[in-house]
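Undergrad: output the structure for:
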Amino acid sequence: MDIETADRFGNKRIYQRLGPSQSSSSSSSSSSSAPEKLNKVCYHWRAGRCNRPRCPFLHSELPESSDFAGASKRANNHHQGGLVWRNPNTAGHASKWGKGRGGGAAGRAPGKVSDKACKHFLAGNCPYGDGCRFLHSWFISESFSLLTPLKGHQKVVSGIALPSGSDKLYSGSKDESIRVWDCQTGQCVGAINMGGEVGCMISEGPWIFIGIPNSVKAWNTQTGTDLSLSGPTGQVYALVVGNEMLFAGTQDGSILAWKFSAVGNCFEPAASLPGHRLAVVTLVVGAMRLYSGSMDNTIRVWDLTSLQCIQTLSDHTSVVMSLLCWDQFLLSSSLDKTVKVWVATETGNLEVTYTHNEEHGVLTLCGMHDAQGKPVLLCSSNDNTVRLYDLPSFNERGKIFSKEEVRAIQIGPGGLFFTGDGTGELKVWKWLTNETPTS
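TA: Have a look, this model is predicted:
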């Protein structure tokens, strides 16, 4: 996908400040209060605004205690780097999730002064220019860059799809339209009125499936076949394909399934999976299981062969917004400000093996590999940011800023990925093969 780079969106203004040297620390220890100060982390450094040249407090996180009580306390305060969680049902093997290399929240590198984007810059009208003390950048990272924004939608982007065999990118929005983008020029080459808000959109092979109120639209981009699948009640919020069936999560809490019939070139109703008390907003398939997340705060596990619910997970305390299967693990995110990592025990039931805490509700999860083949998790939060984490350490890898919440993230070919936010804007990003240090 050849898209012109927009340099003005790639300006990375990251300021660095080193903590006090050993000599300055030792010289300050002559005062009676110095030992106490040296064991405290600078409040202003943590907030990213300490400007004292010889600050008597630490400009780094305190070393982590080895006792479990201390580790648990720090985890509750969102300082989890280096913490090892144990699953009581995994034969004593320590989980590698969350075992960070660095200190600080989510393994953030010490010395980064400001990781907050200027809201006036995001709106396009900062009066301070280069003198602004906040970032004038759409992202913080040494590992990826912004290629171009794609503008056209008038409301939140709710789905992004790249069907196989096509050189087009498709985006769906609550403005009731599907937009078609040329992957070579980045230009919008078509818009389709869906007659209702697009709640979700996925692609499977040449097919694009679109969830709208009371229906699912199925469109084959190669043959032009256009089908309408009836049955849903209310908005369709989630779609997934598994075991040769299409599943739809609906506003009334049910999950509908259709099976494709090659003879009639159509999708025939296969089953309805009741159980959730409120809307089903996320679906994912892995290891012959269907996982559904709901506004009722639960995750249900369904056997794809029998279509029976075999387990209900109730560890989240708010809406389960997104689910992701990664190897033998299930990752879930919620408005309760956590990402949970689940692993199957010897009995086959899922148990939480690690909980990652965020400062805001987590809306969308997406997993991919960077240019070096390392696994990375993208987490969209309702503070209008997307945070990127190395897995399984959860060390922070970068951050993306948006004008409004990012509700759609999609992986593309050749190290590309896409984000769509509440203003209707898409952005095209690319992992860098040769990382350059941030100045």
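Undergrad: could you look up the SS state of L122?
TA: Of the three states, L122 takes helix under DSSP: H, G, I helix; E, B strand; the rest coil.
Undergrad: count of neighbours near Q184?
TA: Q184 has 11 neighbouring residues, counting by other CB atoms under 10 Å. For the C-beta atoms, the positions are set from N, CA and C on the backbone; glycine is no exception.
Undergrad: next: C55.
TA: Counted by other CB under 10 Å, the residues lying close to C55 total 19.
Undergrad: likewise for G195?
TA: By other CB under 10 Å, the residues close to G195 number 11.
Undergrad: measure it to F209 for me?
TA: 16 Å (CB to CB, to the nearest Å).
Undergrad: next one: H120 from H136, what distance?
TA: Distance of H120 to H136, given as CB to CB: 9 Å.
Undergrad: cool, E358 as well?
TA: 25 Å.
Undergrad: now do G234
TA: In terms of CB to CB, G234 sits 42 Å off from H136.
Undergrad: more neighbours, those two?
TA: Neighbour totals were compared for G234 and H136, and H136 leads with 18 against 14 (other CB under 10 Å).
Undergrad: isn't the more buried one up against F121?
TA: Yes - H136 is in contact with F121 according to CB atoms under 8 Å; the separation is 4.5 Å.
Undergrad: pretty sure W302 sits against Q311.
TA: No - look at W302 against Q311 with CB under 8 Å: they stay out of range, at 9.0 Å.
Undergrad: which one of the two is surrounded by more residues?
TA: Using other CB under 10 Å as the criterion, W302 and Q311 rank with W302 on top: 25 against 15.
Undergrad: confidence score at that one?
TA: W302 carries a pLDDT score of 98 in this model.
Undergrad: from the contact counts, what lies against the helix or strand it falls within?
TA: In the assignment (DSSP states H and E), W302 maps to strand 299-303. Strand 299-303 sits against strand 289-294, strand 309-313, with contacts defined as 3 or more CB pairs under 8 Å, 6 or more residues apart in numbering; DSSP states H and E.
Undergrad: tabulate those strands (CSV), appending mean pLDDT and distance to G224.
TA: Listed next are the helices and strands packed on strand 299-303 as CSV, based on pLDDT from 0 to 100; distance: least, CB to CB, whole Å:
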stretch, mean pLDDT, distance to G224
strand 289-294, 97, 30
strand 309-313, 97, 38
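Undergrad: tell me the most buried of those strands?
TA: strand 289-294 (a mean of 25; mean count of other CB atoms under 10 Å).
Undergrad: quick one: contacts of it?
TA: 238, 240, 242, 247, 249, 253, 255, 273, 276-285, 299-304, 310, 319-323, 325, 330, 332 (CB atoms under 8 Å, 6 or more residues apart in numbering).
Undergrad: rewinding a little: as a markdown table, the helices and strands packed on strand 299-303 with distance to D115 would be great.
TA: As requested, the helices and strands packed on strand 299-303 are arranged in a markdown table below (distance: least, CB to CB, whole Å):
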| stretch | distance to D115 |
| --- | --- |
| strand 289-294 | 29 |
| strand 309-313 | 33 |
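Undergrad: nearest to L391, out of those?
TA: Comparison of the helices and strands packed on strand 299-303 against L391 by CB to CB identifies strand 289-294 as nearest, at 18.4 Å.
Undergrad: adjacent strands (with direction) for that closest one?
TA: Strand 289-294 has the following strand partners under DSSP bridges: strand 280-286 (antiparallel), strand 299-303 (antiparallel).
Undergrad: out of the ones you listed, the one nearest C266 is which?
TA: C266 sits nearest to strand 280-286 of all these, at 21.7 Å, using CB to CB.
Undergrad: which ones are touching Q328?
TA: So Q328 contacts 287, 343-344 (CB under 8 Å, 6+ apart).
Undergrad: for D252, report the pLDDT, please.
TA: On pLDDT, D252 comes in at 96.
Undergrad: wait, it touches V236, no?
TA: No - between D252 and V236 there is no contact under CB under 8 Å: 10.5 Å.
Undergrad: more neighbours: the two, which one.
TA: For D252 and V236, the more surrounded residue by other CB under 10 Å is V236, and the numbers stand at 31 against 14.
Undergrad: bridged to that one, which residues?
TA: Going by DSSP bridges, V236 is paired in beta bridges with T250.
Undergrad: can you get me a residue count around the residue nearest to L135 when sequence neighbours are not counted?
TA: Leaving aside its sequence neighbours, L135 sits nearest to A117 (CB to CB, 6 or more residues apart in numbering; 4.7 Å). Here the number of neighbours of A117 (other CB under 10 Å) works out to 23.
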